[in-house]
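> here is my input, please return the structure:
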Amino acid sequence: MQTLKEINKQHPAVEWALNTDFSPVQVDCTTTVALKILDGKCKMLPGEKAAVFAIYDVVKQLPGELFSQHDHNVITQARCTETASKEVMKKIHSLRLYAETHIFKPVMKAYKAKLRDGLFG
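Presented below is the predicted three-dimensional model:
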């Protein structure tokens, strides 16, 4: 596992994440966006996706409400393989659907606004 210092060298969004307070629901929102990216349901540009994963790498160890360590391990499996297995991708899809049914749209919109303002504003 990478240390935060090692992650910090990889993407400028890490510094923002390290200096930002994240509530448990915002940690879950970050995880949800990561799941959407992995599931192919995210319309972000490649640079924005990289920023989200840099932030996810910082906040995934913070307390959230929806996801277990097992869920984060599934995300790691999906990210670590060039072509993730169908089984892993089915789990990613199920986790994304689960998250989208448990996080209200206004909460997710507010979180995305926080990302835009913090990273690009």
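> so is Asn73 in a helix, a strand, or just coil?
Look at Asn73: counting by DSSP: H, G, I helix; E, B strand; the rest coil, its state is helix.
> how far away is it from Lys60?
10 Å (C-beta to C-beta, to the nearest Å). Using the backbone N, CA and C atoms, a C-beta is placed for each residue, glycine as well.
> which one of these two is surrounded by more residues?
Ranked by neighbour count (other C-beta atoms under 10 Å), Asn73 and Lys60 place Lys60 first, with 18 against 11.
> tell me where this structure has helices.
With DSSP state H, the ranges of helices along the chain come out as 4-8, 13-18, 24-38, 46-59, 69-80, 86-102, 105-115.
> for the protein, give me the ranges with low pLDDT.
Counting by pLDDT under 70, the low-confidence segments of the chain come to 1-9.
> pretty sure His102 contacts Gly64?
No - His102 is not in contact with Gly64 according to C-beta atoms under 8 Å; the separation is 10.9 Å.
> and the two? which has more neighbours close in?
Taking neighbours as other C-beta under 10 Å, His102 and Gly64 compare with Gly64 leading, 22 against 13.
> now do the contacts for the more buried one.
Going by C-beta atoms under 8 Å, 6 or more residues apart in numbering, Gly64 touches 24-25, 27-28, 31.
> try it again with 6 Å
Taking C-beta atoms under 6 Å, 6 or more residues apart in numbering, we find Gly64 in contact with 24, 27-28.
> for Ser85, grab phi and psi.
phi -60, psi 160 (degrees, to the nearest 10).
> sorry, back to before: which of the contacts of Gly64 count as buried?
Neighbour counting by 16 or more other C-beta atoms under 10 Å classes 27-28 among those as buried.
> next, format the contacts of Gly64 as JSON lines and append distance to Glu15.
Shown next, in JSON lines, are the contacts of Gly64 (distance: C-beta to C-beta, whole Å):
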{"residue": "Pro24", "distance to Glu15": "22"}
{"residue": "Val27", "distance to Glu15": "18"}
{"residue": "Asp28", "distance to Glu15": "22"}
